[in-house]
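A.B. asks: Please find the sequence and the predicted model below.
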Amino acid sequence: MSDRGYPEAAVDALPVPPTGFTDREERTVEIRPYDGSEAAHESLVEMYDSFDPSDRAQGIPPGGEKRIREWLDAILAEDCHNVIAWCGDEVAGHATLVPDGDAYELAIFVHQEYQRAGIGTHLIEGLLGHGQDRGVEKVWLTVERWNRAAVSLYKKIGFETSNAESFELEMGLRLNEGEGDGTAEGDEAAD
Amino acid sequence: MKVLCGIGGSDDSFRALDRTVDRATVANDDLTVAVVDNEDSSVAPDEAMERARKAVDEAEIDADVRRVGGDPGSRLVELAEREEFEEIVLGGGHTSPMGKITIGSIAEFVLLNAKTTVTLVR
(Lines give C-alpha, C1' and ligand atoms only; values in the text may rest on other atoms or scores of the structure.)
Protein backbone atom coordinates (compact mmCIF):
# COMPACT_ATOMS: atom_id res chain seq x y z
CA MET A 1 0.00 0.00 0.00
CA SER A 2 0.96 3.65 -0.19
CA ASP A 3 3.10 5.25 2.49
CA ARG A 4 0.78 7.43 4.49
CA GLY A 5 2.10 10.29 6.58
CA TYR A 6 1.26 10.95 10.21
CA PRO A 7 2.14 13.74 12.66
CA GLU A 8 5.22 12.89 14.73
CA ALA A 9 3.59 13.63 18.08
CA ALA A 10 0.52 11.91 19.48
CA VAL A 11 -2.52 14.01 20.41
CA ASP A 12 -3.33 14.67 24.07
CA ALA A 13 -5.56 12.25 25.96
CA LEU A 14 -9.13 12.39 24.67
CA PRO A 15 -12.31 11.70 26.69
CA VAL A 16 -13.10 7.98 26.83
CA PRO A 17 -16.78 7.13 26.26
CA PRO A 18 -19.38 6.64 27.66
CA THR A 19 -19.87 10.41 27.79
CA GLY A 20 -22.95 12.60 27.63
CA PHE A 21 -23.85 16.17 26.70
CA THR A 22 -26.72 18.42 25.64
CA ASP A 23 -26.57 19.40 21.96
CA ARG A 24 -27.34 22.86 20.54
CA GLU A 25 -31.00 21.82 20.04
CA GLU A 26 -31.28 20.99 23.75
CA ARG A 27 -31.31 17.23 23.09
CA THR A 28 -29.61 14.85 25.50
CA VAL A 29 -27.01 12.84 23.60
CA GLU A 30 -24.88 9.94 24.87
CA ILE A 31 -21.72 8.68 23.22
CA ARG A 32 -21.15 4.96 23.82
CA PRO A 33 -18.96 2.27 22.25
CA TYR A 34 -20.97 -0.19 20.11
CA ASP A 35 -21.92 -3.07 22.41
CA GLY A 36 -22.50 -5.70 19.72
CA SER A 37 -26.19 -6.10 20.66
CA GLU A 38 -28.84 -6.78 18.05
CA ALA A 39 -30.78 -3.69 19.21
CA ALA A 40 -27.79 -1.43 18.50
CA HIS A 41 -27.14 -3.17 15.17
CA GLU A 42 -30.76 -2.69 14.06
CA SER A 43 -30.77 0.96 15.19
CA LEU A 44 -27.71 1.54 13.02
CA VAL A 45 -29.42 -0.08 10.03
CA GLU A 46 -32.39 2.24 10.62
CA MET A 47 -30.21 5.34 10.71
CA TYR A 48 -28.42 4.45 7.49
CA ASP A 49 -31.63 3.39 5.76
CA SER A 50 -33.01 6.91 6.22
CA PHE A 51 -29.69 8.63 5.53
CA ASP A 52 -29.86 11.39 2.88
CA PRO A 53 -27.99 10.15 -0.25
CA SER A 54 -26.66 13.68 -0.84
CA ASP A 55 -24.50 13.24 2.27
CA ARG A 56 -22.85 10.08 0.95
CA ALA A 57 -19.09 10.32 0.65
CA GLN A 58 -17.01 8.26 -1.79
CA GLY A 59 -19.71 5.61 -2.03
CA ILE A 60 -20.58 5.20 1.65
CA PRO A 61 -22.97 4.69 3.28
CA PRO A 62 -24.29 2.46 0.49
CA GLY A 63 -27.95 2.66 -0.55
CA GLY A 64 -30.60 0.04 0.18
CA GLU A 65 -31.02 -2.14 3.26
CA LYS A 66 -29.26 -5.19 1.83
CA ARG A 67 -26.07 -3.27 0.99
CA ILE A 68 -26.23 -1.34 4.24
CA ARG A 69 -26.32 -4.65 6.16
CA GLU A 70 -23.37 -6.07 4.21
CA TRP A 71 -21.35 -2.92 4.78
CA LEU A 72 -22.20 -2.80 8.50
CA ASP A 73 -21.28 -6.48 8.93
CA ALA A 74 -17.80 -5.61 7.62
CA ILE A 75 -17.20 -2.49 9.72
CA LEU A 76 -18.79 -3.79 12.94
CA ALA A 77 -16.44 -6.79 13.00
CA GLU A 78 -14.47 -7.66 16.14
CA ASP A 79 -11.25 -6.01 14.98
CA CYS A 80 -12.94 -2.65 14.29
CA HIS A 81 -13.72 0.11 16.83
CA ASN A 82 -17.22 1.60 16.71
CA VAL A 83 -18.84 4.40 18.70
CA ILE A 84 -22.47 5.55 18.52
CA ALA A 85 -24.13 8.86 19.44
CA TRP A 86 -27.51 8.00 20.96
CA CYS A 87 -30.52 10.26 21.39
CA GLY A 88 -32.80 8.07 23.49
CA ASP A 89 -32.89 4.78 21.58
CA GLU A 90 -32.33 6.46 18.24
CA VAL A 91 -28.91 6.61 16.57
CA ALA A 92 -27.97 10.24 15.86
CA GLY A 93 -24.52 9.43 14.53
CA HIS A 94 -21.92 6.69 14.16
CA ALA A 95 -18.15 6.71 13.84
CA THR A 96 -15.83 3.83 13.07
CA LEU A 97 -12.16 2.80 12.89
CA VAL A 98 -11.47 -0.03 10.45
CA PRO A 99 -8.05 -1.75 10.49
CA ASP A 100 -5.79 -1.22 7.48
CA GLY A 101 -2.37 -2.75 7.96
CA ASP A 102 -0.69 -1.04 10.94
CA ALA A 103 -3.21 1.84 10.99
CA TYR A 104 -6.96 2.42 11.06
CA GLU A 105 -9.20 4.17 8.57
CA LEU A 106 -11.77 6.53 10.07
CA ALA A 107 -15.28 7.43 8.94
CA ILE A 108 -18.01 9.39 10.72
CA PHE A 109 -21.67 9.99 9.86
CA VAL A 110 -24.22 12.20 11.59
CA HIS A 111 -27.86 11.77 10.51
CA GLN A 112 -29.41 14.80 8.80
CA GLU A 113 -31.87 15.34 11.67
CA TYR A 114 -28.94 15.77 14.05
CA GLN A 115 -26.48 17.79 11.99
CA ARG A 116 -25.19 21.27 12.93
CA ALA A 117 -25.83 20.65 16.63
CA GLY A 118 -22.26 19.90 17.75
CA ILE A 119 -22.72 16.12 17.77
CA GLY A 120 -19.97 15.43 15.22
CA THR A 121 -17.28 16.99 17.42
CA HIS A 122 -18.30 14.94 20.48
CA LEU A 123 -18.70 11.80 18.37
CA ILE A 124 -15.27 11.96 16.74
CA GLU A 125 -13.62 12.78 20.08
CA GLY A 126 -15.46 9.81 21.58
CA LEU A 127 -14.31 7.49 18.82
CA LEU A 128 -10.69 8.66 19.04
CA GLY A 129 -10.78 8.53 22.85
CA HIS A 130 -12.06 4.96 22.62
CA GLY A 131 -9.39 4.06 20.05
CA GLN A 132 -6.67 5.71 22.13
CA ASP A 133 -7.85 3.72 25.15
CA ARG A 134 -7.61 0.51 23.08
CA GLY A 135 -4.04 1.27 21.98
CA VAL A 136 -4.67 2.45 18.42
CA GLU A 137 -1.59 4.32 17.16
CA LYS A 138 -2.30 5.71 13.71
CA VAL A 139 -5.52 6.86 12.07
CA TRP A 140 -6.06 8.05 8.50
CA LEU A 141 -9.03 9.27 6.51
CA THR A 142 -9.96 10.74 3.17
CA VAL A 143 -12.34 13.64 2.77
CA GLU A 144 -13.72 15.42 -0.26
CA ARG A 145 -12.09 18.84 -0.60
CA TRP A 146 -15.35 20.74 -0.84
CA ASN A 147 -16.56 19.30 2.48
CA ARG A 148 -15.19 22.27 4.43
CA ALA A 149 -17.13 21.51 7.63
CA ALA A 150 -15.58 18.05 7.81
CA VAL A 151 -12.06 19.25 6.93
CA SER A 152 -12.13 21.93 9.65
CA LEU A 153 -13.46 19.42 12.20
CA TYR A 154 -10.60 17.02 11.42
CA LYS A 155 -8.03 19.84 11.63
CA LYS A 156 -9.42 21.00 14.96
CA ILE A 157 -8.93 17.49 16.35
CA GLY A 158 -5.30 17.44 15.17
CA PHE A 159 -5.40 15.67 11.80
CA GLU A 160 -2.74 16.83 9.37
CA THR A 161 -2.99 16.66 5.60
CA SER A 162 -0.77 13.87 4.30
CA ASN A 163 -1.73 13.91 0.61
CA ALA A 164 -3.41 16.75 -1.24
CA GLU A 165 -2.71 15.58 -4.78
CA SER A 166 -6.01 13.98 -5.73
CA PHE A 167 -9.75 14.66 -5.63
CA GLU A 168 -9.84 13.73 -1.98
CA LEU A 169 -7.63 15.06 0.79
CA GLU A 170 -5.87 12.41 2.82
CA MET A 171 -5.25 13.23 6.48
CA GLY A 172 -3.45 11.46 9.33
CA LEU A 173 -3.45 11.53 13.13
CA ARG A 174 -1.33 9.84 15.79
CA LEU A 175 -3.26 8.69 18.88
CA ASN A 176 -0.54 6.84 20.76
CA GLU A 177 3.24 6.75 20.45
CA GLY A 178 4.40 3.42 19.08
CA GLU A 179 6.80 1.23 21.02
CA GLY A 180 10.34 2.21 20.08
CA ASP A 181 8.88 5.09 18.17
CA GLY A 182 11.08 6.69 15.55
CA THR A 183 13.10 3.52 14.98
CA ALA A 184 12.51 0.84 12.39
CA GLU A 185 9.77 -0.86 14.37
CA GLY A 186 8.57 -4.13 12.98
CA ASP A 187 11.95 -4.98 11.49
CA GLU A 188 12.83 -7.44 14.22
CA ALA A 189 11.25 -10.83 14.47
CA ALA A 190 8.97 -11.08 17.50
CA ASP A 191 10.11 -14.50 18.62
CA MET B 1 -16.47 1.11 -31.64
CA LYS B 2 -12.75 1.83 -31.37
CA VAL B 3 -11.94 1.32 -27.68
CA LEU B 4 -8.74 1.90 -25.70
CA CYS B 5 -8.55 0.11 -22.35
CA GLY B 6 -5.75 1.32 -20.09
CA ILE B 7 -4.55 -1.00 -17.33
CA GLY B 8 -1.78 -0.47 -14.80
CA GLY B 9 -2.00 -3.67 -12.78
CA SER B 10 -4.35 -2.62 -9.97
CA ASP B 11 -7.35 -4.79 -9.07
CA ASP B 12 -9.81 -2.32 -10.54
CA SER B 13 -7.82 -2.13 -13.78
CA PHE B 14 -8.20 -5.91 -14.24
CA ARG B 15 -11.95 -5.59 -13.60
CA ALA B 16 -12.03 -2.97 -16.34
CA LEU B 17 -10.06 -5.30 -18.62
CA ASP B 18 -12.46 -8.21 -18.11
CA ARG B 19 -15.54 -6.07 -18.65
CA THR B 20 -14.09 -4.44 -21.77
CA VAL B 21 -13.11 -7.79 -23.27
CA ASP B 22 -16.61 -9.16 -22.52
CA ARG B 23 -18.19 -6.18 -24.20
CA ALA B 24 -15.86 -6.36 -27.19
CA THR B 25 -16.84 -10.01 -27.70
CA VAL B 26 -20.52 -9.09 -27.97
CA ALA B 27 -20.27 -5.67 -29.62
CA ASN B 28 -17.40 -6.50 -31.95
CA ASP B 29 -15.38 -3.52 -30.70
CA ASP B 30 -12.02 -2.69 -32.20
CA LEU B 31 -10.14 -3.08 -28.90
CA THR B 32 -6.64 -2.04 -27.88
CA VAL B 33 -5.36 -2.80 -24.38
CA ALA B 34 -2.57 -0.48 -23.26
CA VAL B 35 -0.47 -1.61 -20.30
CA VAL B 36 0.81 1.52 -18.55
CA ASP B 37 3.15 2.22 -15.64
CA ASN B 38 1.26 2.57 -12.36
CA GLU B 39 3.65 3.17 -9.49
CA ASP B 40 0.89 2.41 -6.96
CA SER B 41 0.38 -1.08 -8.37
CA SER B 42 2.01 -4.19 -6.94
CA VAL B 43 1.67 -6.04 -10.25
CA ALA B 44 4.55 -5.52 -12.69
CA PRO B 45 3.81 -4.42 -16.28
CA ASP B 46 5.05 -7.76 -17.68
CA GLU B 47 2.52 -9.64 -15.62
CA ALA B 48 -0.22 -7.21 -16.60
CA MET B 49 0.73 -7.78 -20.27
CA GLU B 50 0.43 -11.52 -19.75
CA ARG B 51 -2.98 -11.24 -18.10
CA ALA B 52 -4.24 -8.97 -20.86
CA ARG B 53 -3.04 -11.37 -23.60
CA LYS B 54 -4.63 -14.29 -21.78
CA ALA B 55 -7.98 -12.49 -21.42
CA VAL B 56 -7.97 -11.61 -25.12
CA ASP B 57 -6.97 -15.16 -26.18
CA GLU B 58 -9.62 -16.78 -24.00
CA ALA B 59 -12.30 -14.52 -25.43
CA GLU B 60 -11.03 -15.39 -28.91
CA ILE B 61 -11.13 -11.80 -30.08
CA ASP B 62 -8.66 -9.96 -32.25
CA ALA B 63 -7.43 -7.25 -29.91
CA ASP B 64 -4.12 -5.44 -29.77
CA VAL B 65 -2.21 -5.62 -26.47
CA ARG B 66 0.66 -3.18 -26.14
CA ARG B 67 3.03 -1.77 -23.60
CA VAL B 68 2.85 2.02 -23.19
CA GLY B 69 5.68 3.39 -21.06
CA GLY B 70 6.14 6.86 -19.61
CA ASP B 71 3.63 9.04 -17.80
CA PRO B 72 0.48 6.89 -17.87
CA GLY B 73 -2.27 9.52 -18.00
CA SER B 74 -0.77 11.73 -20.67
CA ARG B 75 0.37 8.79 -22.80
CA LEU B 76 -3.17 7.34 -22.83
CA VAL B 77 -4.72 10.69 -23.79
CA GLU B 78 -2.11 11.22 -26.49
CA LEU B 79 -2.58 7.71 -27.88
CA ALA B 80 -6.37 8.12 -27.97
CA GLU B 81 -6.03 11.37 -29.92
CA ARG B 82 -3.36 10.16 -32.34
CA GLU B 83 -5.11 6.92 -33.27
CA GLU B 84 -8.63 8.34 -33.06
CA PHE B 85 -10.08 6.12 -30.39
CA GLU B 86 -13.73 6.79 -29.55
CA GLU B 87 -13.64 5.71 -25.92
CA ILE B 88 -11.11 5.19 -23.12
CA VAL B 89 -11.94 2.58 -20.45
CA LEU B 90 -10.23 2.55 -17.05
CA GLY B 91 -10.61 0.99 -13.62
CA GLY B 92 -13.23 2.72 -11.49
CA GLY B 93 -11.19 3.31 -8.39
CA HIS B 94 -9.67 1.62 -5.38
CA THR B 95 -11.95 0.59 -2.50
CA SER B 96 -10.53 1.14 0.99
CA PRO B 97 -11.10 -1.28 3.91
CA MET B 98 -13.90 1.09 4.96
CA GLY B 99 -15.57 0.77 1.58
CA LYS B 100 -14.65 4.25 0.41
CA ILE B 101 -13.82 4.64 -3.25
CA THR B 102 -10.86 6.73 -4.32
CA ILE B 103 -10.16 7.50 -7.96
CA GLY B 104 -6.56 6.96 -8.99
CA SER B 105 -4.35 9.71 -10.36
CA ILE B 106 -4.31 8.14 -13.85
CA ALA B 107 -8.12 8.11 -14.07
CA GLU B 108 -8.25 11.65 -12.74
CA PHE B 109 -5.84 12.94 -15.39
CA VAL B 110 -7.57 11.09 -18.22
CA LEU B 111 -11.05 12.23 -17.11
CA LEU B 112 -10.01 15.86 -17.13
CA ASN B 113 -7.88 15.83 -20.26
CA ALA B 114 -9.32 13.32 -22.71
CA LYS B 115 -11.44 14.49 -25.63
CA THR B 116 -13.17 11.12 -25.88
CA THR B 117 -15.79 9.61 -23.61
CA VAL B 118 -14.16 7.98 -20.59
CA THR B 119 -15.71 4.96 -18.89
CA LEU B 120 -14.76 3.99 -15.34
CA VAL B 121 -15.70 0.39 -14.59
CA ARG B 122 -17.18 -0.47 -11.17
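C.D. replies: That came through fine. Numbering: from 1, shown residues only, chains lettered A, B, ... in the order given.
A.B. asks: Every contact and neighbour count from this point should use C-alpha atoms.
C.D. replies: Will do.
A.B. asks: ok, the closest residue to B:I103 other than its chain neighbours - contacts?
C.D. replies: Of all residues not flanking B:I103 in the chain, B:G93 sits nearest, at 4.3 Å (Cα to Cα, 6 or more residues apart in numbering or on different chains). B:G93 makes contacts with B:D12, B:I101, B:T102, B:I103, B:G104, B:L120, B:R122, as judged by Cα atoms under 8 Å, 6 or more residues apart in numbering or on different chains.
A.B. asks: go again using 6 Å as the cut-off
C.D. replies: B:G93 makes contact with B:I101, B:T102, B:I103, B:G104 under the criterion Cα atoms under 6 Å, 6 or more residues apart in numbering or on different chains.
A.B. asks: out of those, who's nearest chain A?
C.D. replies: Distances from chain A to the contacts of B:G93, taken as Cα to the nearest Cα, are shortest for B:I101 (5.0 Å).
A.B. asks: Pull the number of nearby residues for the closest residue to the closest one other than its chain neighbours.
C.D. replies: Spatially, and ignoring its direct neighbours in sequence, B:I101 is nearest to B:T95 (4.5 Å; Cα to Cα, 6+ apart). Residues contacting B:T95 under the criterion other Cα atoms under 10 Å in any protein chain shown number 15.
A.B. asks: picking that back up, how close does the residue nearest to B:I103 sit to A:D52?
C.D. replies: Relative to A:D52, B:G93 is positioned 23 Å away (Cα to Cα, to the nearest Å).
A.B. asks: again with B:G91
C.D. replies: From B:G91 over to A:D52 the distance is 27 Å, taken as Cα to Cα.
A.B. asks: Next: A:A150.
C.D. replies: Distance, A:A150 to A:D52, using Cα to Cα: 17 Å.
A.B. asks: now B:I103
C.D. replies: For B:I103, the distance to A:D52 (Cα to Cα) stands at 23 Å.
A.B. asks: Surely A:R69 is within a strand?
C.D. replies: No - secondary structure of A:R69 (DSSP: H, G, I helix; E, B strand; the rest coil): helix, not part of a strand.
A.B. asks: what ranges do the helices span in the chain?
C.D. replies: Assuming you mean chain A. Residue ranges of the helices in chain A, as given by DSSP state H, are A:38-49, A:65-75, A:119-133, A:148-157.
A.B. asks: my bad, chain B
C.D. replies: Under DSSP H, chain B gives helices at B:11-27, B:45-59, B:72-82, B:105-113.
A.B. asks: Which pLDDT value belongs to the residue of chain A found nearest chain B?
C.D. replies: Chain A approaches chain B most closely through A:Q58 (5.0 Å), counting by Cα to the nearest Cα. At A:Q58 the predicted local confidence, pLDDT, stands at 91.
A.B. asks: Tell me, how many residues neighbour the nearest residue to B:V68 once chain neighbours are set aside?
C.D. replies: Nearest residue to B:V68, sequence neighbours excluded (Cα to Cα, 6+ apart): B:V36, at 5.1 Å. Burial of B:V36, expressed as a neighbour count using other Cα under 10 Å, amounts to 25.
A.B. asks: Report the contact partners of B:V36.
C.D. replies: Residues near B:V36 by Cα under 6 Å, 6+ apart: B:G8, B:V68, B:G69, B:P72.
A.B. asks: mind redoing it with 8 Å?
C.D. replies: Applying Cα under 8 Å, 6+ apart, the residues near B:V36 are B:G6, B:I7, B:G8, B:P45, B:R67, B:V68, B:G69, B:G70, B:P72.
A.B. asks: burial of A:G178, as a residue count?
C.D. replies: Other residues near A:G178 come to 15 when the count uses other Cα under 10 Å.
A.B. asks: Cool, thanks, signing off.
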